[in-house]
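Asks: model this:
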Amino acid sequence: MYRNLGHKIKTIAKVLRWVSFAAMEAVGAFTLLYNNPDFQRALIGAAIMALAPLLAWILSLTIYSIGHVVENSDIRTDLAIRQYAALRSAGPTAPKAAPVQEAETPQQPVQQSPSQQPSQQTPPPQQNASRPSWGQY
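Replies: Residues are numbered from 1 along each chain as shown. All right, here's what the predicted structure looks like:
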């Protein structure tokens, strides 16, 4: 019942889209045909029937996206459990990785030539090249 819940939520969103599409088409047809046949009601009925696919799709987006998030979180949870189990099975005899420490870059004093003015500032030191960028996470 609760296995593969994300896929089930996504399927419910697809079914709900088609049911709401059919219901809106029926409401539009009812408004168009069975009420007093004046121009305003006919226009409302035609607009409902024309916009029914778009409205049904928009209404199902939220439910489908929730199902997608649940499905992805299930995948990530299973992966994390497997990785944790692999680390636990390796035991304490497995070599541990040394923590990465940033090496400090030595700053050398800046020698000013006579052509440089004392009001100029020195450029900021370069960042450590071994530090990963945001794209590597």
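
Asks: what's near enough to touch N4?
Replies: D74 (Cβ atoms under 8 Å, 6 or more residues apart in numbering). Backbone N, C-alpha and C define where each C-beta goes, glycine included.

Asks: and the gap between it and S60?
Replies: 19 Å (Cβ to Cβ, to the nearest Å).

Asks: and I63, what does it touch?
Replies: Applying Cβ under 8 Å, 6+ apart, the residues contacting I63 are I9, I12, A13, L16.

Asks: just the pLDDT for the first one.
Replies: Looking at I9, its pLDDT stands at 91.

Asks: wait, it touches S73, no?
Replies: No - using Cβ atoms under 8 Å, I9 is not in contact with S73; the gap is 11.9 Å.

Asks: okay, these two: which has more neighbours?
Replies: Taking neighbours as other Cβ atoms under 10 Å, I9 and S73 compare with I9 leading, 18 against 12.

Asks: and K10, how far from Y64?
Replies: Counting by Cβ to Cβ - K10 and Y64 are separated by 6 Å.

Asks: now the helices: where do they sit in this protein?
Replies: Using DSSP state H, the helices of the chain run over 5-33, 39-90.

Asks: quick one, what contacts A29?
Replies: A29 neighbours (Cβ under 8 Å, 6+ apart): G45, M49.

Asks: separation between it and A56?
Replies: 15 Å.

Asks: what's around the residue lying closest to F21 once chain neighbours are set aside, how many residues?
Replies: Using Cβ to Cβ, 6 or more residues apart in numbering and skipping the chain neighbours, the partner closest in space to F21 is A56 (3.8 Å). Counted with other Cβ under 10 Å, residues neighbouring A56 total 19.
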